[in-house]
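**Q** What follows is a predicted protein model with its sequence.
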Amino acid sequence: MGARGEYCFEPVQRGNSADLKIVIQVLVSLEIKMNKNSKVLALKYRPQTFDDLIGQEVVSETIINSIKANKVPNAYLFTGIRGIGKTTIARIVAKALNCSNGFENKCKAKCDACDSITNSNHIDVLEMDAASKTGVDDVRDLIEFSRYGPTSAKYKIFIIDEVHMLSKQAFNALLKTLEEPPEYLKFIFATTEIKKIPITVVSRCQRFDLSRIKSNQLFEFLKKIKEKENGKATDEALKLIVKISEGSVRDALSLLDRGLLSLDNGKELNLNLAQKIFGYFDKSQLIDLFDLILKGKQDKVIENYRKIYDQGVEPKIFINDFLEILYYFKNINLLALESTNFSLNDEEFNKIKEISNNVDSETLILFWQFTIQTLEELDIVSNPHLSMEMFLLRLIHLKGYEAKNEGEIRDNQNNASSQIINKETINQIKNVAQEKKIKPELQIKTNDENKITIKSFSDLLYICSSKKEMKLKYELEKNVNLVKFESGRIEISFNDDLDKDFVKDLSTKLLEWTNQRWIISFSKNQGEMSIKDKEKNNQKELITKAKKSDLYKTILDFFSDAELVEVKHKQKDEE
Ligand SMILES: [Zn+2]
């Protein structure tokens, strides 16, 4: 900065176009020089040697060793997320191959070759961005260029960035050279999308998958840069930058840049300011909001949400962060603070831990499903902010119904009422497998020895089951309508499917079980519905009843494609 003063101009004669040209050139180079001095951090701290790289130690070592062993591959392929240093590492490799001081020097003593590679003007190193040059002609030019050996360095090197963008024909043209390149020719490819590169190309490259930079490493790096720049930023603010940049050094540096530049002189970038500058909101706000939802405080929830909204937080960011918080609520007991990648600070971590004791996993899973669904809905609705408010209110209701129903079931257990059905309905939607052991409702009274008293039609069915007379039980349930039942006498009507031996079989068994002769008579009266029909009917009724409940309607709001298929009664004496 203040560089302008360092330059002197020769006096320019008016009207001389040659001089004018010189002036323009001087101004242009001045501009470049200026930019160089006030370079953004990401450029200024762009790694120049393998030693400068952070988080890619294994890759660096492998490459250095292969060069040392004189086993340089024809082509390198670097892949990984954006901003992780693919093109940077490509240039470092080019330098290692072409440095006048030899690769082991790693150009601690700067040489011309390395300098010109850094500035992208080395005569033997050609950089191409496949994002803008995708065609076969571009590749042909490149191949034409490769016909002759290097001018000044050991290798002729092609660096192709975003190589996946090349057209199919371009890849085919490239492939021929890639198969049998001259000794002096090396390729270095970089891509974010390895899957889009033909396998024939990938197989001819030495591939390196660059990993995300670990949070701690990135944090230490930012801290170092901050000190070098004499910037003022708290650790908490730096940690926020680490979190937002998701392992990308470039993103982290440009955020730090933005953060430091936005401050008035002497001010320190603290968490609060950083959140404002980056449009990022405080996790603790979200944790408070979640707590209020659990407590069912509607007004407070909306009030708090609007505060977040006023900070300019986009609904999608909000809901994604909400999901993250849900995840922490669900799993906080399995996590250590360090494993949250600075997503949470100590205070938030402990707060979540405390609140999570009062909320069961089922609720959290239900919330999770519902939140994901809301995320999908956001693309459809025209006013996502209103959707967010509705979303939060619906969560309260979801939680509210659960709590209310739990209570009512406890208070009112003898009543197979709609509340119980509600509870059951929730469980159905939760997909919680409910395996309930049906305990025999009927106690079959046995007289002395083996004699059994059968007092009702259900007794009869039960004894059929227990004596494994399944055929008989099936007939009784399916094809028989009970007209009258008394001890020693059963009056029934039946349908056409009834087995012809039914009466004989039943009489025999009844005599055997009860030591008593039973009269089984057919009636012209229609009798009761068969057990199976009754069950079907019952279920229909229960479903209709459940569908009329407010809860079911609420659930339809949450899961529009939900269908109530079965209603089960909670067992009265269930533990
Ligand atoms: Zn060098």
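**A** Looks like it arrived, so ask away. Residues are numbered from 1 along each chain as shown.

**Q** Secondary structure class of the residue of the chain most remote from its centre, three-state.
**A** Note on the chain: the largest C-alpha distance from the chain mean falls to residue 517, namely 70.0 Å (Cα atoms, centre = their mean). Secondary structure, DSSP: H, G, I helix; E, B strand; the rest coil: residue 517 is coil.

**Q** Find the residue closest to it in space, skipping its chain neighbours.
**A** The shortest distance from residue 517 to any non-neighbouring residue, by Cβ to Cβ, 6 or more residues apart in numbering, is to residue 511 (5.7 Å). Glycine gets a C-beta too; all of them are placed from N, C-alpha and C.

**Q** repeat for residue 255
**A** Per Cβ to Cβ, 6+ apart, closest to residue 255 is residue 241, 4.6 Å.

**Q** And the one you found, how far from the ion?
**A** Per Cβ to the ion, to the nearest Å, residue 241 is found 32 Å from the ion.

**Q** List the contacts of that residue.
**A** Contacts for residue 241 were tallied using Cβ atoms under 8 Å, 6 or more residues apart in numbering; they are 222, 252, 255, 256, 259, 274, 278.

**Q** How about the contacts made by the second one?
**A** Counting by Cβ under 8 Å, 6+ apart, residue 252 touches 218, 221, 222, 241, 242, 245.

**Q** what about residue 510, neighbour count?
**A** 22 (other Cβ atoms under 10 Å).

**Q** Give me the buried positions along the strand or helix carrying it.
**A** Using DSSP states H and E, residue 510 maps to helix 502-514. The neighbour-count check on helix 502-514 (16 or more other Cβ atoms under 10 Å) flags 502, 503, 506, 509, 510, 513, 514 as buried.

**Q** ok, and what's touching the next helix or strand after that helix?
**A** The helix or strand immediately downstream of helix 502-514 is strand 519-522, counting by DSSP H and E. Contacts with strand 519-522, where a contact means Cβ under 8 Å, 6+ apart, come from 488, 489, 490, 491, 492, 493, 494, 503, 506, 507.

**Q** of those, buried ones?
**A** Here, 16+ other Cβ under 10 Å leaves 490, 491, 492, 493, 494, 503, 506 buried among the contacts of strand 519-522.

**Q** Hmm, the fifth one is touching residue 478, no?
**A** What it means is residue 494. No. Using Cβ atoms under 8 Å, residue 494 is not in contact with residue 478, being 10.0 Å away.

**Q** coming back round to it: looking at the helix holding residue 510 now, give me its mean pLDDT.
**A** Helix 502-514 comes out with an average pLDDT of 85.

**Q** contacting residues for residue 300?
**A** With Cβ under 8 Å, 6+ apart, residue 300 has these contacts: residue 292.

**Q** for the stretch 451-575 of the chain, which spans come out with low pLDDT?
**A** Counting by pLDDT under 70, the ranges of the stretch 451-575 of the chain that qualify are 451, 561, 568-575.

**Q** at 80 instead, please
**A** 451-452, 496, 522-532, 534-535, 546-575 (pLDDT under 80).

**Q** same thing with the stretch 151-300 of the chain?
**A** 246, 264-266, 279-283.

**Q** Where do the helices of it begin and end?
**A** 168-179, 199-202, 215-228, 235-245, 249-261, 271-277, 283-295, 298-310 (DSSP state H, counting those that start in this stretch).

**Q** Quick one, which of the ones you listed gets closest to residue 484.
**A** Among those, helix 283-295 comes nearest to residue 484, with 56.1 Å by Cβ to Cβ.

**Q** tell me which strands and helices that closest one is in contact with?
**A** Packing partners of helix 283-295 (3 or more Cβ pairs under 8 Å, 6 or more residues apart in numbering; DSSP states H and E): helix 298-310, helix 315-331, helix 346-356, helix 384-411.

**Q** at 10 Å what do you get?
**A** helix 298-310, helix 315-331, helix 346-356, helix 361-377, helix 384-411 (3 or more Cβ pairs under 10 Å, 6 or more residues apart in numbering; DSSP states H and E).

**Q** Residue 100 reaches residue 122, doesn't it?
**A** No. In this structure residue 100 lies outside contact range of residue 122 using Cβ atoms under 10 Å: 11.4 Å.

**Q** higher neighbour count, these two?
**A** residue 122 (24 against 15).

**Q** show me what contacts the residue nearest to the more buried one when sequence neighbours are not counted?
**A** Leaving aside its sequence neighbours, residue 122 sits nearest to residue 116 (Cβ to Cβ, 6+ apart; 4.1 Å). Residues near residue 116 by Cβ atoms under 10 Å, 6 or more residues apart in numbering: 95, 98, 122, 123, 124, 125, 152, 153.

**Q** Secondary structure element holding residue 116?
**A** helix 112-118.

**Q** Over to residue 126. Which of the three states is it?
**A** Reduced to three states by three-state DSSP, residue 126 is strand.

**Q** can you tell me how far it sits from residue 185?
**A** Counting by Cβ to Cβ, to the nearest Å, the separation of residue 126 from residue 185 is 11 Å.

**Q** Would you point out the most distant pair within the contacts of residue 241?
**A** Going by Cβ to Cβ, the pair spanning those furthest: 222 and 278, at 13.8 Å.

**Q** more crowded one of these two?
**A** A direct count of neighbours by other Cβ under 10 Å for residue 222 and residue 278 places residue 222 higher, at 25 against 18.

**Q** So which bits of the protein are right by the ion?
**A** Counting by Cβ under 5 Å from the ion, the residues of the chain close to the ion are 99, 101, 107, 111, 114.

**Q** Name the pair among those residues with the greatest separation in space.
**A** Most distant of these, by Cβ to Cβ, are 101 and 114, 8.1 Å apart.

**Q** who touches both of those two?
**A** Joint contacts of residue 101 and residue 114 (Cβ under 10 Å, 6+ apart) are 95, 107.

**Q** From residue 478, how far off is residue 470?
**A** Applying Cβ to Cβ to residue 470 and residue 478 gives a distance of 12 Å.

**Q** between the two, which one's more packed in?
**A** Using other Cβ under 10 Å as the criterion, residue 470 and residue 478 rank with residue 478 on top: 14 against 10.

**Q** How about the contacts made by whatever residue of the stretch 251-400 of the chain ends up closest to the ion?
**A** Across the stretch 251-400 of the chain, no residue is closer to the ion than residue 253, which sits at 24.1 Å (Cβ to the ion). Taking Cβ under 10 Å, 6+ apart, we find residue 253 in contact with 40-46, 83, 218, 221-222, 225, 241, 245.

**Q** Quick check on these: which are buried?
**A** Buried, going by 16+ other Cβ under 10 Å: 40, 41, 42, 45, 46, 83, 218, 221, 222, 225, 241, 245, out of these.

**Q** Please name the spatially closest residue to the third one (chain neighbours excluded).
**A** Meaning residue 42. The shortest distance from residue 42 to any non-neighbouring residue, by Cβ to Cβ, 6+ apart, is to residue 253 (4.1 Å).
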